[in-house]
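**Q** the sequence isn't on hand, but the structure is:
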């Protein structure tokens, strides 16, 4: 069923195409491959030489402009002046670790913790979402005394050894490690009907039973609360609640991976889990946290952190350094002062309406779903069979690139366009994208 | 034999002492503990509220000045204007990932790779040394098809789950995982005599045999080439060669952890392994790489990277972003233009001479060792018994703090002062430190 490519390969550049490029680009690509080799991941059949970026726009070395609907790291806008200024100021003042006291670090921690339900009262700052999820798994293991985790079938949670074990999309075609079980993503489009939350919880319950029967034991359920790499699943709000309740009944922990949905992207709240009315035991953060400055974090309850700290020592050299804290604080300020959560909600709604409207003309638009400015547009052969159309998705992505629009794909089949522009996206930006999608689909799939 | 504290606890602040502090500091410490709880690691019996730093100096919120001999991250000097300027420029221009082409990233990769032996020809950029070591272990496992690693008894290689498994100093009192074996650090002070390189290799050989007999199989030897957390062992140069030869005979890989010794600190070359005349299969980097900007990396041979990439997908969102590359490039420029490798060699030698000279007056100075500006000063009861004196080390560290000098400790007993100032350290700075050490030792250990 599943494509044997994994999500990281979607829209990846194919090195065998080097010979078809113009000389300048060919040299640039070969230069990249010389140093980074088989581990390099370039986007597009013709990779882009990027030079600068501002707000929702990116510019290549030839001055061509791209509307960015792909990058969820520069979430408050590329090169946002307030974040840039915060980094510039702090990097010339002090850039050291958390073994000294520093006001900006404590101010940031307090501001960030205030955004969580009261139970989530302590923080560990890391440098990446991968480090955050790696640490979350360790906290959950030490707190429960068990090692089994449940994730979705096309989950991606990061790149460390331990996190790759719980990221099936990074290990296509390989058997799951014995301490990992998967459940299908909550795919409303293909659901047999009935209550999505109940069926998701039923699957989680089955996986818990398997972990218990195998002797591994159940430590926790780890999900990205917008199911990004599974193909973007947001609705109906609250569908996570029955699974989380079951997890707690079975003495496991619920880890909300907010690396992608977090910091306002879903438009409903700062955190993706809030839409589901659940309170996680552990929350992990990353990508948009510093608008590009490398930072991540784990927020959890004091009791869980205490049990972890009693067993092992943890220190993160760069984690929570004053520059990261300054960047993180600026991001929180900008989200609040520019009303970006509301903007994500409003523009996201407008964008979904526009995409659904052109869906009337294109039977290949199988589904438009999401929340705020995290939207999935699923491309299919037609709406009756719902057969995934990754070839159309790939063609659309590459044609949009030549029209100056950046976008990616997700899901087990790579047929869902992943739409997640900076949160300062405007109605005009949205209209421009919808019109371009309409035209490109007309080109790719003539009636 | 081993203290049950682990290296991270050396000189850590003890929360039970909060009540003895003045109100301002007490509030600041309690504020830190409220947000970061039991996972926070503060230095000193009275933690320092740090505000700014410049070159070899750090300044607290009350304007007190500290000569920094502890921090090996701001290696070319705190707030170095060229690194600060490089970050300030690039962060306002473009701060994105390596899925687009970017000249500064490729320039940096080429400059960095040119510093390695020709076999080490490809690079993966990460955000931290921990991520680098985590990836190195994965590369070694996939390339050898085996999972067993050998490290030193008090090794510290980072903070992910997989790297903590090979960091005995982070897991004090806990049994080693079945895939990890330790060897004693190459401690010349306590060696029975004979050839240190041969005896180190003999121990490695024994550990390889154990891994093979247990069925785990031998994947690699991972060492910090200056043995920082073991207590700083540098001499005689070349002592690593017999072990590395044996590792290769046994079809294992040699991973040189250059997170601490790398980027010129040892004074002999840019990399610590160079002093030993060995060529690693994998090199890992971190801490000083961006002078505080979070970055790390793995350099290895194309063949090893290819075998890794064939098995699994790897992408690091912030790794090798243009801001990191700009910072890294500035660091390499400053090291070259300011002659920092030579300076480390020269000032390091001067500093070691000075410390040995005061050793004539203090029987507690059991050993002064190291290379360049990575120096260990081992404190003992007396030179005959060589009995470790961690209490003296702790007292010296805290008294130096009140004299405006920052320093730490390392080693299994916490009795070795770890001296690693910024590489722009001067003769005057060194003399100031030696004089302060002399006085403090006189206070702590009156004749």
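**A** Yes, it's here. On a predicted model such as this, the values are computed, not experimentally measured, just so you know.
**Q** contacts and neighbour counts: CA atoms only from here.
**A** OK.
**Q** what is the helix or strand hosting residue A:332 packed up against?
**A** Per DSSP states H and E, residue A:332 falls inside helix A:322-337. Where contact means 3 or more C-alpha pairs under 8 Å, 6 or more residues apart in numbering or on different chains; DSSP states H and E, helix A:322-337 is packed against helix A:81-91, helix A:103-113.
**Q** stretch A:165-180 vs chain B: in contact?
**A** Yes - Stretch A:165-180 reaches chain B (C-alpha under 8 Å from any C-alpha of the partner chain) through A:170, A:171, A:172.
**Q** chain neighbours aside, what residue packs nearest to the second one?
**A** Using C-alpha to C-alpha, 6 or more residues apart in numbering or on different chains and skipping the chain neighbours, the partner closest in space to residue A:171 is residue B:312 (5.6 Å).
**Q** give the contact list for the one you found.
**A** Applying C-alpha atoms under 8 Å, 6 or more residues apart in numbering or on different chains, one finds that residue B:312 lies in contact with A:170, A:171, A:172.
**Q** quick check, nearest of those residues to residue A:346?
**A** residue A:170 (33.7 Å; C-alpha to C-alpha).
**Q** pull up the gap between the closest one and residue A:329, please.
**A** 32 Å (C-alpha to C-alpha, to the nearest Å).
**Q** more neighbours, these two?
**A** Comparing residue A:170 with residue A:329 by other C-alpha atoms under 10 Å in any protein chain shown, the one with more neighbours is residue A:170, at 27 against 23.
**Q** distance to chain B, mean neighbour count and mean pLDDT added to the helices and strands packed on helix A:322-337, as CSV?
**A** Shown next, in CSV, are the helices and strands packed on helix A:322-337 (distance: least, C-alpha to the nearest C-alpha, whole Å; neighbours: other C-alpha atoms under 10 Å in any protein chain shown; pLDDT from 0 to 100):
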stretch, distance to chain B, mean neighbour count, mean pLDDT
helix A:81-91, 5, 21, 98
helix A:103-113, 6, 20, 98
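**Q** what would the contacts of residue B:312 look like in a markdown table with distance to residue A:374?
**A** Formatted as a markdown table, those follow (distance: C-alpha to C-alpha, whole Å):
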| residue | distance to residue A:374 |
| --- | --- |
| A:170 | 22 |
| A:171 | 25 |
| A:172 | 25 |
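**Q** which of these has the weakest pLDDT?
**A** Among the contacts of residue B:312, residue A:172 has the lowest pLDDT, at 87.
**Q** what about that residue, how many residues close to it?
**A** 19.
**Q** burial of residue A:231, as a residue count?
**A** If you count neighbours by other C-alpha under 10 Å, residue A:231 ends up with 30.
**Q** right, and it touches residue A:374 too?
**A** No - counting by C-alpha atoms under 8 Å, residue A:231 does not reach residue A:374; the two are 10.6 Å apart.
**Q** common neighbours of the two, please.
**A** residue A:418.
**Q** pLDDT weak spots in chain A?
**A** A:1-10 (pLDDT under 70).
**Q** mind listing what the spatially most central residue of it touches?
**A** Taking C-alpha atoms, centre = their mean, the centroid of chain A lies closest to residue A:260, which sits 2.7 Å from it. If you count contacts by C-alpha under 8 Å, 6+ apart, residue A:260 has them with A:72, A:224, A:226, A:228, A:285, A:286, A:287, A:288.
**Q** and it, that's in a helix?
**A** No - counting by DSSP: H, G, I helix; E, B strand; the rest coil, residue A:260 is not part of a helix but coil.
**Q** and it, how far from residue B:315?
**A** If you go by C-alpha to C-alpha, the gap between residue A:260 and residue B:315 works out to 15 Å.
**Q** go on, residue A:36?
**A** Residue A:36 is 12 Å from residue B:315, by C-alpha to C-alpha.
**Q** before we move on, the earlier item: how much space separates the residue nearest to the centre of chain A from residue A:271?
**A** Distance from residue A:260 to residue A:271, by C-alpha to C-alpha: 10 Å.
**Q** check residue A:225 too.
**A** Here residue A:225 is placed at a distance of 9 Å from residue A:271 (C-alpha to C-alpha).
**Q** list residues touching both of these two?
**A** By C-alpha under 8 Å, 6+ apart, the residues touching both residue A:225 and residue A:271 are A:258, A:261.
**Q** OK, contacts around the one residue in the stretch 101-250 of chain A that gets nearest to chain B?
**A** Ranked by C-alpha to the nearest C-alpha, the top residue of the stretch 101-250 of chain A for proximity to chain B is residue A:101, at 4.4 Å. If a contact means C-alpha under 8 Å, 6+ apart, then residue A:101 has B:28, B:29, B:32, B:42, B:47, B:48, B:49, B:50 as its contacts.
**Q** surely residue A:383 is in contact with residue A:366?
**A** Yes - with contact defined as C-alpha under 8 Å, residue A:383 counts as touching residue A:366 (5.4 Å).
**Q** with neighbour numbers in mind, choose between the two.
**A** residue A:366 (25 against 15).
**Q** tell me the secondary structure for the more buried one?
**A** Under three-state DSSP, residue A:366 comes out as strand.
**Q** which residues sit in contact with it?
**A** A:359, A:377, A:378, A:379, A:380, A:382, A:383, A:386.
**Q** swap the cut-off to 7 Å and go again
**A** Taking C-alpha atoms under 7 Å, 6 or more residues apart in numbering or on different chains, we find residue A:366 in contact with A:378, A:379, A:380, A:382, A:383, A:386.
**Q** could those residues go into JSON lines alongside distance to residue A:438 and secondary structure?
**A** Formatted as JSON lines, the contacts of residue A:366 follow (distance: C-alpha to C-alpha, whole Å; DSSP: H, G, I helix; E, B strand; the rest coil):
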{"residue": "A:378", "distance to residue A:438": "14", "secondary structure": "strand"}
{"residue": "A:379", "distance to residue A:438": "13", "secondary structure": "strand"}
{"residue": "A:380", "distance to residue A:438": "15", "secondary structure": "strand"}
{"residue": "A:382", "distance to residue A:438": "16", "secondary structure": "coil"}
{"residue": "A:383", "distance to residue A:438": "17", "secondary structure": "coil"}
{"residue": "A:386", "distance to residue A:438": "19", "secondary structure": "coil"}
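**Q** restrict those residues to those near chain B?
**A** Contacts with chain B are made by none of these, judged by C-alpha under 7 Å from any C-alpha of the partner chain.
**Q** buried subset of those?
**A** Among the contacts of residue A:366, those classed as buried by 16 or more other C-alpha atoms under 10 Å in any protein chain shown are A:378, A:379, A:380, A:386.
**Q** thought the last one was touching residue A:380?
**A** Yes - counting by C-alpha atoms under 7 Å, residue A:386 sits close enough to residue A:380 to count as a contact (5.4 Å).
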